[in-house]
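**Q** here is my input, please return the structure:
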Amino acid sequence: MSSNTYHRAPDTVAAAPAGCPMHGTWSPLDDDYLADPYPIAAGLRESHPVFWSEQLGHVVVTDMNDIEHVFMNPDVFASTNVQDPIDPLCPAAAEALGAPDFDPVAVMSNRPEPDHARIRVYTRKGFGNRRLASLEDYMRSRASELLDRMIAGGSPAEYVSSFAFPLPAEIVFRFIGFPESDDTLIKSWCVNRKAFSWGRPTETEQVEIARGMVDYWRYCREFVAQRRDVRRDDFASELLNAWEEDPGPDRDPDATTGISFREVESVVYGISFAGHDPVTALMCNTLLCLLPRRDQWQALVDDPSLAANAVDETTRFESSQVSWRRITTCDTTLGGVDLPAGTRLLLNFASANRQPDRYHDPDTFDIHRVGAGKNISFGKGIHFCLGAGLAKMEARIALELLAERLPSLRLVDDQQLSYFSNITFRGPDSLHLEWDELERDEHGPDGLTAGAST
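**A** Below is the predicted model:
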């Protein structure tokens with residue numbers, strides 16, 4: 001199998017590095033950690049800055065200084081495993097992914113240098129200010145439509161299904177260029193990717209997810225082939241324009257410029273999940289932080305310009321991504337622990353983003369915090385998240401609209417939050433909200449205050 005394959009399941013369960021401190025019982029998949037990782041993560045950082053998790057088969061890194069060192073040294077700590085399953089696959093799932101035409105290649109989050117830099121030249125252009133500005137009107141329009149529908153349904157409402165899941169998915173699909181008629185089908189394929197790469201699905205679930213991934217890859221290839229013949233004003237067309245101008249790797253595997261056709265297909269395949277599921281979680285987490293703190297929610301209602309900093313503070317305090325992974329390419333030392341080549345690392349953002357020597361009063365959520373955006377949730381260095389600006393824009397727009405339309409918005413009392421079992425992404429499976437029904441009557445169906453001039 002090529003080293004640039006998009007998904008590479010480990011062949012065996014990893015062994016602990018010699019001399020590495022060990023933790024025999026903790027796992028990021030523990031129920032108590034999934035429910036509230038932060039106090040547990042802080043305890044791990046204080047007692048085990050770098051340790052081996054026997055339950056996970058990874059070395060866990062909890063200190064911000066060590067995590068930043070990992071990100072800033074990609075030649076030693078490679079990103080090639082970030083999309084891989086945690087454990088070996090069952091034979092039936094491996095067989096499903098062995099279909100001859102299932103051949104996406106690593107492109108961004110999991111492609112090492114120098115190819116990563118070569119490809120990022122083209123993907124970064126697609127996420128530039130022009131493209132984001134062109135999407136903002138659509139974001140506001142679609143968000144308003146979804147909010148209208150949620151309000152019309154009456155209080156209380158379930159936020160994930162009515163707003164936080166459909167909005168980011170549809171935005172990234174329009175960004176790529178997927179037709180609206182395919183939204184439901186694409187969402188069904190993307191939803192279980194979180195379990196495949198970052199969870200521990202059963203063998204039956206592995207097979208079902210694997211078959212869906214193959215179907216989705218075939219859809220992406222067919223879509224890109226169609227765009228090759230008929231271009232539009234979308235991200236896929238921009239990538240194809242770049243490929244047409246310089247298909248360097250298709251002519252020469254060692255080319256230092258250009259982007260290959262398979263890489264275009266693979267970028268489309270990868271970005272569809274990354275661009276919506278974590279954003280859904282971010283939208284929910286902002287409300288989980290703000291709504292119980294009525295003084296801070298009121299501050300946002302009074303001054304919607306605070307929404308951007310509220311999103312930044314949420315990415316620090318209650319991130320939708322609480323870890324990421326790396327693998328060592330050579331023997332090295334981290335935090336005083338010797339690590340052989342091939343050691344898999346889990347970088348614990350939940351501990352680092354609340355580190356007392358980095359943030360004043362780190363366990364307090366503060367919408368006014370200076371430097372809130374200086375956290376590790378979107379990574380650092382050459383693999384800093386390409387879609388960070390898009391994700392934060394979506395979450396900001398959602399907050400602005402909710403604060404304007406529903407100033408009395410609050411969490412439904414005594415609801416039990418549940419979190420999908422995985423090692424990296426964190427957001428509630430459902431979130432029930434309520435508001436004063438009087439506010440429903442103050443807005444027309446287009447989202448404008450009743451009686452306002454158009």
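
**Q** switch to C-alpha atoms for all contacts and neighbour counts from now on
**A** Noted.

**Q** near residue 146, how many other residues are there?
**A** For residue 146, the count of nearby residues is 17 (other CA atoms under 10 Å).

**Q** give me every residue that touches it.
**A** By CA atoms under 8 Å, 6 or more residues apart in numbering, residue 146 lies in contact with 162, 163, 167.

**Q** just those residues: which are in helices?
**A** Members of those lying in helices (criterion: DSSP state H): residue 167.

**Q** which among the contacts of residue 146 gets closest to residue 16?
**A** Nearest to residue 16 among the contacts of residue 146: residue 167, at 42.4 Å, using CA to CA.

**Q** I'd say the closest one and residue 140 touch.
**A** No. Using CA atoms under 8 Å, residue 167 is not in contact with residue 140; the gap is 9.9 Å.

**Q** what's the host helix or strand of residue 66 packed up against?
**A** Following DSSP states H and E, one finds residue 66 within helix 64-71. Using 3 or more CA pairs under 8 Å, 6 or more residues apart in numbering; DSSP states H and E, the elements in contact with helix 64-71 are helix 349-352.

**Q** and the helix it packs on, how far out from the chain middle?
**A** Distance of helix 349-352 from its chain centroid, counting by CA atoms, centre = their mean, to the nearest Å, is 16 Å.

**Q** do stretch 58-66 as well
**A** 20 Å.

**Q** and it, how far apart are its ends?
**A** Distance across stretch 58-66, first residue to last, is 15 Å (CA to CA, to the nearest Å).

**Q** and the residue nearest to residue 8 when sequence neighbours are not counted, what is it in contact with?
**A** Excluding its sequence neighbours, the residue lying closest to residue 8 (CA to CA, 6 or more residues apart in numbering) is residue 84, at 5.3 Å. When contacts are counted by CA under 8 Å, 6+ apart, residue 84 touches 6, 7, 8, 9, 10, 197, 198.

**Q** now, which of those lie within strands?
**A** Among the contacts of residue 84, no member falls in strands (DSSP state E).

**Q** are any of those buried, and which?
**A** The neighbour-count test (16 or more other CA atoms under 10 Å) applied to the contacts of residue 84 identifies 6, 7, 8, 9, 197, 198 as buried.

**Q** ok, those vs residue 124, which is closest?
**A** Using CA to CA, those come closest to residue 124 at residue 6, 19.5 Å.

**Q** that closest one contacts residue 104, doesn't it?
**A** Yes. At 5.6 Å, residue 6 and residue 104 qualify as touching, with contact defined as CA under 8 Å.

**Q** using the three-state scheme, assign the residue most central in space within the chain.
**A** Centroid-nearest residue in the chain, with CA atoms, centre = their mean: residue 278, separated by 3.6 Å. Following DSSP: H, G, I helix; E, B strand; the rest coil, we place residue 278 in the helix state.

**Q** number of residues surrounding the residue nearest to it when sequence neighbours are not counted?
**A** In space, and not counting its chain neighbours, residue 278 is closest to residue 320: 5.9 Å by CA to CA, 6+ apart. Residues near residue 320, counting by other CA under 10 Å, number 27.

**Q** show me the contacts for residue 320.
**A** 278, 279, 281, 282, 285, 425, 426, 427.

**Q** from those, which two are the most distant?
**A** For the contacts of residue 320, the maximum inter-member distance is 11.5 Å, found between 285 and 425 (CA to CA).

**Q** re the thing from before, compare residue 167 and residue 140 (neighbour count), which wins?
**A** Shown here are residue 167 and residue 140; by other CA under 10 Å, residue 167 has more neighbours (24 against 17).

**Q** got a list of what that one touches?
**A** Contacts of residue 167 by CA under 8 Å, 6+ apart are 139, 142, 143, 146.

**Q** so where is the stretch 1-150 of the chain shaky, pLDDT-wise?
**A** 1-3 (pLDDT under 70).

**Q** helices of that one, residue ranges please.
**A** Remark: helices assigned in the stretch 1-150 of the chain by DSSP state H, counting those that start in this stretch are 31-35, 37-47, 64-71, 91-97, 115-126, 129-152.

**Q** also the stretch 351-454 of the chain?
**A** So, for the stretch 351-454 of the chain - with DSSP H, counting those that start in this stretch - the helices run 388-405.

**Q** looking at this, residue 292 is in a strand?
**A** No. Using three-state DSSP, the assignment for residue 292 is coil, not a strand.
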